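In: Below is the sequence, then the predicted model.
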4 protein chains.
Amino acid sequence: MRVKDSNKRALIFDASLVLMYREGIAGLTMSKLAKKAGIATGTLYIYFKNKEELLHELYVELRHKSQQRFMKNYDSNEPLKIGLKKVWVNYLKHRIEHHKESVFLEQYYRSPYITPEHHKLAEQMKSPVHELIRRGKREMIIKNHVDDEMLFLAMIGFIRELADETMSNVYELNQQRIEQAFQLSWDMIKM
Amino acid sequence: MRVKDSNKRALIFDASLVLMYREGIAGLTMSKLAKKAGIATGTLYIYFKNKEELLHELYVELRHKSQQRFMKNYDSNEPLKIGLKKVWVNYLKHRIEHHKESVFLEQYYRSPYITPEHHKLAEQMKSPVHELIRRGKREMIIKNHVDDEMLFLAMIGFIRELADETMSNVYELNQQRIEQAFQLSWDMIKM
Amino acid sequence: MRVKDSNKRALIFDASLVLMYREGIAGLTMSKLAKKAGIATGTLYIYFKNKEELLHELYVELRHKSQQRFMKNYDSNEPLKIGLKKVWVNYLKHRIEHHKESVFLEQYYRSPYITPEHHKLAEQMKSPVHELIRRGKREMIIKNHVDDEMLFLAMIGFIRELADETMSNVYELNQQRIEQAFQLSWDMIKM
Amino acid sequence: MRVKDSNKRALIFDASLVLMYREGIAGLTMSKLAKKAGIATGTLYIYFKNKEELLHELYVELRHKSQQRFMKNYDSNEPLKIGLKKVWVNYLKHRIEHHKESVFLEQYYRSPYITPEHHKLAEQMKSPVHELIRRGKREMIIKNHVDDEMLFLAMIGFIRELADETMSNVYELNQQRIEQAFQLSWDMIKM
DNA sequence: AATGAATGAGAGTTCATTCAT
DNA sequence: AATGAATGAACTCTCATTCAT
């Protein structure tokens, strides 16, 4: 039965995210995971070879799903600032609305489970923004004397902090502040 | 009698950082730690009541040591931009030269060991930069219409990404790029 | 799935008694216990939350089982001396045939595991004999000027010593000696 | 320095008794013992080869000291009942006033430390009462058809229970009850 | 003789994984 | 496919004993 199958996979992934978010990577045990997902421990091993592979597959899935969200509503025919803002806000919203996933990705990244393949996937996530930065430079709107990666890091780092502090209730975001924050980023990178 | 070695605390802390950096919080076991530190497991329990307390005390110590580094060479009589740059660079250098410590602080922050007390300590670390931002606003140099915390997050997020990508060999920093990066931050926050 | 073996609880209890009898409470370790019971250490923790609870539950079970044995074959319609003798012999036989259990109960009683609840259970064990003593006083057969508890202690102490010295091969009991011993107790308490 | 030496031995013995009484044999660790005695753990190993020997020597000492107390004030020229009563009361008082010691002797008796030598010592303790019983039989005052050991056990078991229940506040002794209790024992063994 | 830091074997317990049902 | 009891290696921590001072 195919539908049931993929349902259970998603169920397990969800439970993993919740647990990891609540108790960190150390709190993610197979028995807690099974209980949270409402299945038996043995069942986990029907869907995944072992814990390592479960986490690896979750990692890959999250990376792909994340990437798709970044370019949502982006239209290359619109002016650069409009397009960049869309992607910028997509990143921010993604990190807030899928915060558990973001935290998982980072927690996982610093664990004994990590392999070189993961690094490559992480690099790929950057491409949409890098593409926009290159376009901005061609259009003489974005600072030409600063390398792409630095501009990228400046923006992404800000977004990340904004989202994390929002999620931990240290900072409170609203529409106006989002506009303001993007404008800060823009002030920074614009020519 | 054998005298209690005051180096041993530092020795254990060092070994903890190395292990945590290499294998994440899940890889930090008391027996690995003892082996790395070159002592017996039982000895760990002479210096620390248990694993939780060991990590807690390491956390507190690192927070304090970090804070001290941030304000190094800062002189409130110098012009704001000079002062801010010093602190900005201190943050960056700290995160690069003491990257293991920074990673530990963040790993620990997302673990079952965390308590409210830790959150308070984390907030305290922000004060030096906040102080500078307020001064900049009073001196009409820094954007008055943006709240302190947002300006802080924008800078700190950038620094963080710069340092982390440098440490993972994805990006390469040099003196010129550091100047450039600070200038980007400045462009962003200046009036 | 593998069904939870209802025998396993009893198996673990048996192994606990054997070990405790042979090496005292200090010799009762979870790994020795598992080995003796022919199971893995982890299995112990499926049936009991921890060592303390295992011992507590064994204690409660033994108290109940003991109590049941004391009143075996007792018939309140029979003459007092007949009834008392039955209970008296039941106590003696119980302590001999279930000597390991008796020793466990006493060892456990003097251990850091003990709680007030245990004391109450211990008191309850006395009630059958106390009941008989009261009846004997009403029937003007047992010394009225001596309090119940003292008469109880006099009998129970004797039984205990008889059983223990028998079990350690210092004394040898036989049917005639049992009769004689009861008669001594009777001489003591009778009017 | 000789005095100092034996002082420390006594100090260690005292601390052992207190600890054992309070927490059972499982609570008697070398470090707790040292702390209680106000000395360093290493010092214990100057006075005793190891834990086993410490306990063994304490056992032997207690056995000897106990024995001496039993015959206190006994005068073989006095009538049997007077003499027996003295010894009987000595046993009772000993077990109450030196209850910690009595408990230690029994706890120790059921521990992995026990050797055949201990059994022999235990047997020796019985001799004073056995001697009196034999005398009573010669004087035709004590039941001739019951063997010495049984009469001994009947008395000693009663004494033991009386003392233990008194110490655990379940029973309350006074002079009158002591007289009564001895009289019960006497009723039992007299011809 | 006295100290208490240091040791490491072994205690209690957890947990990824297997297996009988 | 699904279960959860069973496993045993590995974890955290304790403790009898040793050793440098």
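Out: Perfect, thanks for sending it. Numbers count the residues shown, from 1 in each chain, chains lettered A, B, ... in the order given.

In: Which residues of chain A lie near DNA strand E?
Out: A:28-31, A:41-42, A:44-45, A:50-52 (CB under 7 Å from any atom of the strand). (C-beta placed from N, C-alpha, C; glycine too.)

In: ok, and the most crowded of those residues?
Out: A:L28 (26 neighbours; other CB atoms under 10 Å in any protein chain shown).

In: surely that residue meets A:S16?
Out: Yes: using CB atoms under 8 Å as the test, A:L28 is close enough to A:S16 to be in contact (6.5 Å).

In: Closest to chain C out of the residues of chain A next to DNA strand E?
Out: Closest approach to chain C among these (CB to the nearest CB): A:G42, at 7.6 Å.

In: Quick check, the residue in chain A closest to DNA strand F?
Out: DNA strand F sits closest to A:G42 of chain A, with a gap of 1.7 Å, by CB to the nearest atom of the strand.

In: In contact with that residue: list those residues for me.
Out: Applying CB atoms under 8 Å, 6 or more residues apart in numbering or on different chains to A:G42 gives the contacts C:M1.

In: can you tell me the helix or strand for A:E106?
Out: A:E106 belongs to helix A:99-109 when elements are defined using DSSP states H and E.

In: Domain parsing of chain A, as residue ranges.
Out: Using automatic domain parsing, the domains assigned to chain A come out as A:1-48, A:60-189.

In: What average pLDDT does the last one get?
Out: Across domain A:60-189, pLDDT averages out at 90.

In: near DNA strand F, anything from it?
Out: No: under the criterion of CB under 7 Å from any atom of the strand, DNA strand F is not reached by domain A:60-189; the shortest gap measures 10.2 Å.

In: What's the end-to-end length of that domain?
Out: Start to finish, the residues bounding domain A:60-189 are 31 Å apart (CA to CA, to the nearest Å).

In: near chain B, anything from it?
Out: Yes: applying CB under 8 Å from any CB of the partner chain, one finds domain A:60-189 touching chain B at A:103, A:107, A:110-112, A:119, A:123, A:143, A:145-147, A:149-151, A:153-154, A:156-162, A:165, A:170-171, A:177, A:180-181, A:184-185, A:187-189.

In: Also stretch A:52-59?
Out: No: judged by CB under 8 Å from any CB, stretch A:52-59 and chain B are separated, with a smallest distance of 11.0 Å.

In: Not counting its own residues, what contacts that stretch?
Out: A:12-13, A:16-17, A:44, A:47-48, A:104-105, A:108, A:111, A:113, A:115, A:118, A:121.

In: Grab the two from those residues that are most spread out in space.
Out: By the measure CB to CB, A:L44 and A:L121 form the most distant pair in the contacts of stretch A:52-59, at 23.5 Å.

In: just to revisit the earlier point, mind checking which of the residues of domain A:60-189 next to chain B are buried?
Out: Buried residues within these, counting neighbours by 16 or more other CB atoms under 10 Å in any protein chain shown: A:103, A:107, A:110-111, A:143, A:146, A:149-151, A:153-154, A:156-162, A:165, A:171, A:177, A:181, A:184-185, A:188-189.

In: out of the residues you listed, which are inside strands?
Out: Using DSSP state E, no member of those falls within strands.

In: residue contacts, the residue most central in space within chain A?
Out: Chain A has A:S102 as the residue nearest its centroid, 4.6 Å off, counting by CA atoms, centre = their mean. Counting by CB under 8 Å, 6+ apart, A:S102 makes contact with A:66, A:94-95, A:163.

In: So which of those residues sit within helices?
Out: Among the contacts of A:S102, the members falling in helices (DSSP state H) are A:66, A:94-95, A:163.

In: any chance of those residues in JSON lines, with neighbour count too?
Out: Putting those into JSON lines (neighbours: other CB atoms under 10 Å in any protein chain shown) gives the following:
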{"residue": "A:S66", "neighbour count": "17"}
{"residue": "A:H94", "neighbour count": "21"}
{"residue": "A:R95", "neighbour count": "23"}
{"residue": "A:A163", "neighbour count": "24"}
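
In: so which of these comes closest to chain B?
Out: Nearest member of those to chain B, counting by CB to the nearest CB, is A:A163, at 9.7 Å.

In: Who's the closest spatial neighbour of that closest one, skipping the chain neighbours?
Out: In space, and not counting its chain neighbours, A:A163 is closest to A:R95: 3.7 Å by CB to CB, 6 or more residues apart in numbering or on different chains.

In: coming back round to it: please render the domains of chain A as CSV that adds distance to B:R138 to the earlier fields.
Out: Formatted as CSV, the domains of chain A follow (distance: least, CB to CB, whole Å):
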stretch, distance to B:R138
domain A:1-48, 40
domain A:60-189, 20
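
In: Between those domains, which one is closest to B:A37.
Out: Among those, domain A:60-189 comes nearest to B:A37, with 19.4 Å by CB to CB.

In: Work out the gap between that closest one and the centre of the chain.
Out: Relative to the mean C-alpha coordinate of its chain, domain A:60-189 is positioned 8 Å out (CA atoms, centre = their mean, to the nearest Å).

In: Would you map the helices across chain A?
Out: A:2-23, A:30-37, A:41-47, A:51-70, A:80-97, A:99-109, A:116-124, A:127-138, A:148-167, A:175-189.

In: tilt between the second one and helix A:51-70?
Out: Helix A:30-37 runs at 50 degrees relative to helix A:51-70, counting by axes from the mean of the first three to the mean of the last three CA atoms, to 10 degrees.
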